[in-house]
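In: Could you look at this predicted model? Sequence included:
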2 protein chains.
Amino acid sequence: MEILSARSAFAALAQETRLAAFRLLVRAGPAGLPAGEIARALGTAPSTLSTHLGLLQRAGLVSSERRSRRIVYRADFEGVGALMRFLMQDCCKGHPAVRAAIGGEAA
Amino acid sequence: MEILSARSAFAALAQETRLAAFRLLVRAGPAGLPAGEIARALGTAPSTLSTHLGLLQRAGLVSSERRSRRIVYRADFEGVGALMRFLMQDCCKGHPAVRAAIGGEAA
DNA sequence: CCGTTAATTCGATAATTATCGAAATATGGA
DNA sequence: TCCATATTTCGATAATTATCGAATTAACGG
(Lines give C-alpha, C1' and ligand atoms only; values in the text may rest on other atoms or scores of the structure.)
Protein backbone atom coordinates (compact mmCIF):
# COMPACT_ATOMS: atom_id res chain seq x y z
CA MET A 1 0.00 0.00 0.00
CA GLU A 2 1.33 3.38 -0.97
CA ILE A 3 1.54 6.29 1.38
CA LEU A 4 -1.17 8.16 -0.47
CA SER A 5 -3.70 5.36 -0.12
CA ALA A 6 -2.73 4.91 3.50
CA ARG A 7 -3.31 8.57 4.13
CA SER A 8 -6.72 8.51 2.52
CA ALA A 9 -7.66 5.46 4.61
CA PHE A 10 -6.51 7.17 7.80
CA ALA A 11 -8.43 10.30 6.84
CA ALA A 12 -11.51 8.23 6.12
CA LEU A 13 -11.49 6.64 9.56
CA ALA A 14 -10.64 9.85 11.39
CA GLN A 15 -14.06 11.37 10.81
CA GLU A 16 -16.73 10.58 13.39
CA THR A 17 -19.63 9.81 11.06
CA ARG A 18 -17.47 7.79 8.69
CA LEU A 19 -15.93 5.68 11.43
CA ALA A 20 -19.42 5.03 12.81
CA ALA A 21 -20.64 4.03 9.35
CA PHE A 22 -17.68 1.72 8.86
CA ARG A 23 -18.18 0.03 12.20
CA LEU A 24 -21.85 -0.39 11.42
CA LEU A 25 -20.90 -2.13 8.18
CA VAL A 26 -18.47 -4.39 10.00
CA ARG A 27 -21.26 -5.50 12.30
CA ALA A 28 -23.65 -5.95 9.42
CA GLY A 29 -21.34 -8.60 8.00
CA PRO A 30 -21.43 -9.95 4.43
CA ALA A 31 -25.06 -8.91 3.94
CA GLY A 32 -24.07 -5.28 4.17
CA LEU A 33 -26.45 -2.35 4.51
CA PRO A 34 -28.15 -0.03 2.03
CA ALA A 35 -27.06 3.62 2.12
CA GLY A 36 -30.38 4.89 3.34
CA GLU A 37 -30.44 2.56 6.30
CA ILE A 38 -26.99 3.70 7.38
CA ALA A 39 -28.07 7.32 7.09
CA ARG A 40 -31.13 6.67 9.23
CA ALA A 41 -29.12 4.76 11.83
CA LEU A 42 -26.61 7.57 12.13
CA GLY A 43 -29.07 10.43 11.89
CA THR A 44 -27.41 12.20 8.98
CA ALA A 45 -28.82 13.52 5.72
CA PRO A 46 -28.68 11.02 2.85
CA SER A 47 -26.60 13.36 0.75
CA THR A 48 -24.08 13.83 3.53
CA LEU A 49 -23.75 10.12 4.11
CA SER A 50 -23.41 9.47 0.40
CA THR A 51 -20.41 11.76 0.38
CA HIS A 52 -18.90 9.89 3.31
CA LEU A 53 -19.53 6.48 1.79
CA GLY A 54 -17.92 7.61 -1.45
CA LEU A 55 -14.84 8.65 0.45
CA LEU A 56 -14.69 5.36 2.35
CA GLN A 57 -15.00 3.52 -0.93
CA ARG A 58 -12.24 5.50 -2.66
CA ALA A 59 -10.10 4.72 0.39
CA GLY A 60 -10.71 1.02 -0.25
CA LEU A 61 -12.44 0.40 3.05
CA VAL A 62 -15.92 -0.40 1.75
CA SER A 63 -17.41 -1.73 -1.46
CA SER A 64 -20.83 -1.16 -2.96
CA GLU A 65 -23.24 -3.07 -5.13
CA ARG A 66 -26.54 -1.96 -6.56
CA ARG A 67 -29.42 -4.20 -5.59
CA SER A 68 -32.48 -3.00 -7.39
CA ARG A 69 -33.18 0.48 -6.08
CA ARG A 70 -30.84 0.16 -3.14
CA ILE A 71 -27.09 0.43 -3.11
CA VAL A 72 -25.70 -1.97 -0.57
CA TYR A 73 -22.41 -1.19 1.12
CA ARG A 74 -20.08 -3.69 2.74
CA ALA A 75 -16.89 -3.44 4.76
CA ASP A 76 -13.87 -4.35 2.66
CA PHE A 77 -11.57 -6.32 4.93
CA GLU A 78 -8.90 -6.57 2.28
CA GLY A 79 -8.60 -2.82 2.47
CA VAL A 80 -8.34 -2.85 6.23
CA GLY A 81 -5.73 -5.58 6.01
CA ALA A 82 -3.69 -3.49 3.58
CA LEU A 83 -3.85 -0.58 5.99
CA MET A 84 -2.68 -2.77 8.88
CA ARG A 85 0.18 -4.06 6.77
CA PHE A 86 1.20 -0.50 5.96
CA LEU A 87 1.08 0.41 9.62
CA MET A 88 3.14 -2.60 10.64
CA GLN A 89 5.63 -2.92 7.80
CA ASP A 90 6.11 0.27 5.82
CA CYS A 91 5.49 2.47 8.77
CA CYS A 92 6.86 0.59 11.76
CA LYS A 93 9.38 -1.74 10.15
CA GLY A 94 7.87 -4.68 12.00
CA HIS A 95 8.98 -3.26 15.32
CA PRO A 96 8.70 -5.89 18.11
CA ALA A 97 6.51 -3.71 20.35
CA VAL A 98 3.95 -3.37 17.59
CA ARG A 99 3.95 -7.06 16.78
CA ALA A 100 3.62 -7.87 20.46
CA ALA A 101 0.74 -5.46 20.81
CA ILE A 102 -1.34 -7.35 18.32
CA GLY A 103 0.06 -10.82 18.80
CA GLY A 104 -0.31 -10.81 22.55
CA GLU A 105 -3.79 -9.46 22.95
CA ALA A 106 -5.53 -10.38 19.74
CA ALA A 107 -8.89 -12.04 20.17
CA MET B 1 -8.55 2.04 23.08
CA GLU B 2 -11.57 4.26 22.90
CA ILE B 3 -13.07 5.49 19.71
CA LEU B 4 -12.05 9.06 20.40
CA SER B 5 -8.37 8.20 20.85
CA ALA B 6 -8.48 6.02 17.76
CA ARG B 7 -9.95 8.89 15.78
CA SER B 8 -7.24 11.28 16.94
CA ALA B 9 -4.56 8.74 15.99
CA PHE B 10 -6.08 8.26 12.53
CA ALA B 11 -6.31 12.02 12.07
CA ALA B 12 -2.70 12.40 13.15
CA LEU B 13 -1.47 9.95 10.53
CA ALA B 14 -3.73 11.27 7.78
CA GLN B 15 -1.79 14.49 7.38
CA GLU B 16 1.15 14.43 4.99
CA THR B 17 3.72 16.27 7.09
CA ARG B 18 2.75 14.43 10.26
CA LEU B 19 2.96 11.00 8.64
CA ALA B 20 6.36 11.93 7.22
CA ALA B 21 7.53 13.09 10.64
CA PHE B 22 6.28 9.90 12.25
CA ARG B 23 8.01 7.69 9.71
CA LEU B 24 11.19 9.67 10.18
CA LEU B 25 11.00 9.00 13.91
CA VAL B 26 10.43 5.31 13.32
CA ARG B 27 13.60 5.17 11.27
CA ALA B 28 15.50 7.18 13.85
CA GLY B 29 14.87 4.42 16.37
CA PRO B 30 15.29 4.73 20.15
CA ALA B 31 17.67 7.68 19.85
CA GLY B 32 14.87 9.80 18.42
CA LEU B 33 15.28 13.20 16.78
CA PRO B 34 15.14 16.77 18.07
CA ALA B 35 12.26 18.90 16.80
CA GLY B 36 14.46 21.24 14.84
CA GLU B 37 16.13 18.45 12.94
CA ILE B 38 12.78 17.03 11.90
CA ALA B 39 11.64 20.45 10.73
CA ARG B 40 14.78 20.87 8.66
CA ALA B 41 14.46 17.39 7.16
CA LEU B 42 10.85 18.03 6.14
CA GLY B 43 11.31 21.63 5.07
CA THR B 44 8.63 23.11 7.29
CA ALA B 45 8.70 26.05 9.68
CA PRO B 46 9.64 25.10 13.26
CA SER B 47 6.37 26.48 14.59
CA THR B 48 4.35 24.45 12.11
CA LEU B 49 6.17 21.27 12.96
CA SER B 50 5.83 21.92 16.65
CA THR B 51 2.07 22.01 16.20
CA HIS B 52 2.18 18.72 14.33
CA LEU B 53 4.42 17.04 16.89
CA GLY B 54 2.09 18.17 19.66
CA LEU B 55 -0.82 16.59 17.87
CA LEU B 56 1.08 13.34 17.31
CA GLN B 57 1.98 13.29 20.97
CA ARG B 58 -1.59 13.89 22.17
CA ALA B 59 -2.59 11.04 19.87
CA GLY B 60 -0.15 8.81 21.72
CA LEU B 61 2.02 8.11 18.70
CA VAL B 62 5.20 9.87 19.81
CA SER B 63 6.79 10.85 23.10
CA SER B 64 9.15 13.69 23.91
CA GLU B 65 11.94 14.37 26.34
CA ARG B 66 13.90 17.53 26.90
CA ARG B 67 17.62 17.11 26.51
CA SER B 68 19.27 20.33 27.41
CA ARG B 69 18.10 22.86 24.87
CA ARG B 70 16.69 20.27 22.51
CA ILE B 71 13.44 18.40 22.77
CA VAL B 72 13.89 14.91 21.45
CA TYR B 73 10.92 13.08 19.96
CA ARG B 74 10.55 9.32 19.63
CA ALA B 75 8.00 7.06 17.99
CA ASP B 76 5.75 5.45 20.59
CA PHE B 77 5.20 1.88 19.45
CA GLU B 78 2.81 1.16 22.28
CA GLY B 79 0.51 3.77 20.81
CA VAL B 80 0.76 2.27 17.36
CA GLY B 81 0.07 -1.15 18.81
CA ALA B 82 -3.03 0.17 20.55
CA LEU B 83 -4.24 1.62 17.27
CA MET B 84 -3.67 -1.69 15.49
CA ARG B 85 -5.56 -3.53 18.20
CA PHE B 86 -8.44 -1.11 17.81
CA LEU B 87 -8.45 -1.66 14.08
CA MET B 88 -8.37 -5.42 14.45
CA GLN B 89 -10.58 -6.03 17.45
CA ASP B 90 -12.94 -3.17 18.22
CA CYS B 91 -13.32 -2.22 14.64
CA CYS B 92 -13.09 -5.44 12.69
CA LYS B 93 -14.05 -8.04 15.27
CA GLY B 94 -10.97 -10.08 14.46
CA HIS B 95 -12.25 -10.78 10.97
CA PRO B 96 -10.24 -13.60 9.29
CA ALA B 97 -9.32 -11.53 6.22
CA VAL B 98 -7.76 -8.88 8.43
CA ARG B 99 -5.82 -11.38 10.51
CA ALA B 100 -4.66 -13.13 7.36
CA ALA B 101 -3.50 -9.84 5.90
CA ILE B 102 -1.01 -9.29 8.68
CA GLY B 103 -0.25 -12.91 9.54
CA GLY B 104 0.43 -14.03 5.99
CA GLU B 105 2.61 -11.23 4.69
CA ALA B 106 4.23 -9.80 7.76
CA ALA B 107 7.98 -9.32 7.51
C1' DC C 1 23.38 39.08 33.68
C1' DC C 2 23.40 39.06 28.75
C1' DG C 3 23.50 36.86 24.25
C1' DT C 4 22.62 32.71 21.65
C1' DT C 5 20.17 28.64 20.49
C1' DA C 6 15.96 25.63 20.54
C1' DA C 7 11.38 25.10 20.92
C1' DT C 8 6.76 26.50 21.87
C1' DT C 9 2.56 29.44 22.03
C1' DC C 10 -0.13 33.05 19.93
C1' DG C 11 -2.75 35.41 16.29
C1' DA C 12 -3.94 35.87 11.66
C1' DT C 13 -4.85 33.98 7.13
C1' DA C 14 -5.27 30.39 3.69
C1' DA C 15 -6.83 25.91 2.58
C1' DT C 16 -9.53 21.98 3.30
C1' DT C 17 -13.50 19.44 4.80
C1' DA C 18 -18.36 18.68 6.51
C1' DT C 19 -23.01 19.58 6.06
C1' DC C 20 -27.23 20.25 3.99
C1' DG C 21 -31.14 21.24 0.59
C1' DA C 22 -32.27 21.17 -4.11
C1' DA C 23 -31.80 19.09 -8.44
C1' DA C 24 -30.48 15.13 -11.15
C1' DT C 25 -30.09 10.01 -12.07
C1' DA C 26 -31.63 5.29 -11.75
C1' DT C 27 -34.97 1.57 -10.67
C1' DG C 28 -39.26 -0.70 -10.36
C1' DG C 29 -44.29 -0.94 -10.26
C1' DA C 30 -49.10 0.57 -11.50
C1' DT D 1 -45.79 6.45 -19.37
C1' DC D 2 -46.11 8.33 -14.88
C1' DC D 3 -45.19 8.15 -10.05
C1' DA D 4 -42.76 6.83 -5.92
C1' DT D 5 -38.44 5.36 -3.90
C1' DA D 6 -33.32 5.30 -3.33
C1' DT D 7 -29.21 7.42 -4.04
C1' DT D 8 -26.08 10.52 -5.92
C1' DT D 9 -24.24 15.02 -7.64
C1' DC D 10 -24.14 19.96 -7.28
C1' DG D 11 -23.67 24.47 -5.07
C1' DA D 12 -23.43 27.15 -1.11
C1' DT D 13 -22.17 27.87 3.66
C1' DA D 14 -20.27 26.63 8.11
C1' DA D 15 -16.67 24.52 10.59
C1' DT D 16 -12.19 22.76 11.05
C1' DT D 17 -7.34 22.47 10.10
C1' DA D 18 -2.69 23.93 8.26
C1' DT D 19 0.64 27.31 7.82
C1' DC D 20 3.56 30.90 9.00
C1' DG D 21 5.88 35.01 11.35
C1' DA D 22 6.29 37.28 15.64
C1' DA D 23 6.55 36.99 20.44
C1' DT D 24 7.46 34.02 24.45
C1' DT D 25 9.66 30.48 27.32
C1' DA D 26 13.66 27.59 28.50
C1' DA D 27 18.55 26.24 28.77
C1' DC D 28 23.31 26.97 28.36
C1' DG D 29 27.88 29.51 28.20
C1' DG D 30 30.63 33.44 28.81
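Out: Everything's here; your move.

In: for chain A, what spans make up the helices?
Out: Using DSSP state H, the helices of chain A run over residues A:3-14, A:16-28, A:35-42, A:46-58, A:77-85, A:96-105.

In: Give me the pLDDT for the residue in chain A positioned nearest to DNA strand D.
Out: Per Cβ to the nearest atom of the strand, A:G36 is where chain A lies closest to DNA strand D, at 2.0 Å. (C-beta placed from N, C-alpha, C; glycine too.) A:G36 carries a pLDDT value of 98.

In: if I pick it, what's in contact with it?
Out: Residues in contact with A:G36 (Cβ atoms under 8 Å, 6 or more residues apart in numbering or on different chains) are A:46, A:70.

In: still on that earlier bit, pick the most deeply packed of the helices of chain A.
Out: Comparing these by mean neighbour count (mean count of other Cβ atoms under 10 Å in any protein chain shown), helix A:77-85 comes out on top with a mean of 22.

In: by contact count, what packs against that helix?
Out: Other elements packing on helix A:77-85 under the criterion 3 or more Cβ pairs under 8 Å, 6 or more residues apart in numbering or on different chains; DSSP states H and E are helix A:3-14, helix B:96-105.

In: Is DNA strand C within reach of stretch A:43-59?
Out: Yes: judged by Cβ under 7 Å from any atom of the strand, stretch A:43-59 and DNA strand C are in contact via A:44-45, A:47-48, A:51-52, A:55.

In: Quick check, A:R74 in contact with A:R67.
Out: No: the criterion here is Cβ atoms under 8 Å, and A:R74 misses it with A:R67 at 11.2 Å.

In: neighbour-wise, which of these two wins?
Out: Taking other Cβ atoms under 10 Å in any protein chain shown, A:R74 and A:R67 do not tie; A:R74 has more neighbours (17 against 10).

In: would you turn the helices and strands packed on helix A:77-85 into a markdown table with mean pLDDT and distance to DNA strand D?
Out: Converted to a markdown table, the helices and strands packed on helix A:77-85 look like this (pLDDT from 0 to 100; distance: least, Cβ to the nearest atom of the strand, whole Å):
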| stretch | mean pLDDT | distance to DNA strand D |
| --- | --- | --- |
| helix A:3-14 | 95 | 8 |
| helix B:96-105 | 71 | 23 |
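
In: Determine which residue lies closest to the centroid of chain A.
Out: A:L61 (3.6 Å; Cα atoms, centre = their mean).

In: Wait, that residue touches A:L13, no?
Out: Yes: with contact defined as Cβ under 8 Å, A:L61 counts as touching A:L13 (7.3 Å).

In: tell me, what's touching the two both at once?
Out: The contact sets of A:L61 and A:L13 overlap at A:F22 (Cβ under 8 Å, 6+ apart).

In: What helices and strands are in contact with the lowest-mean-pLDDT helix or strand in chain A?
Out: The helix or strand of chain A with the lowest confidence, counting by mean pLDDT, DSSP states H and E, is helix A:96-105 at a mean of 72. Applying 3+ Cβ pairs under 8 Å, 6+ apart, one finds that helix A:96-105 makes contact with helix B:77-85.
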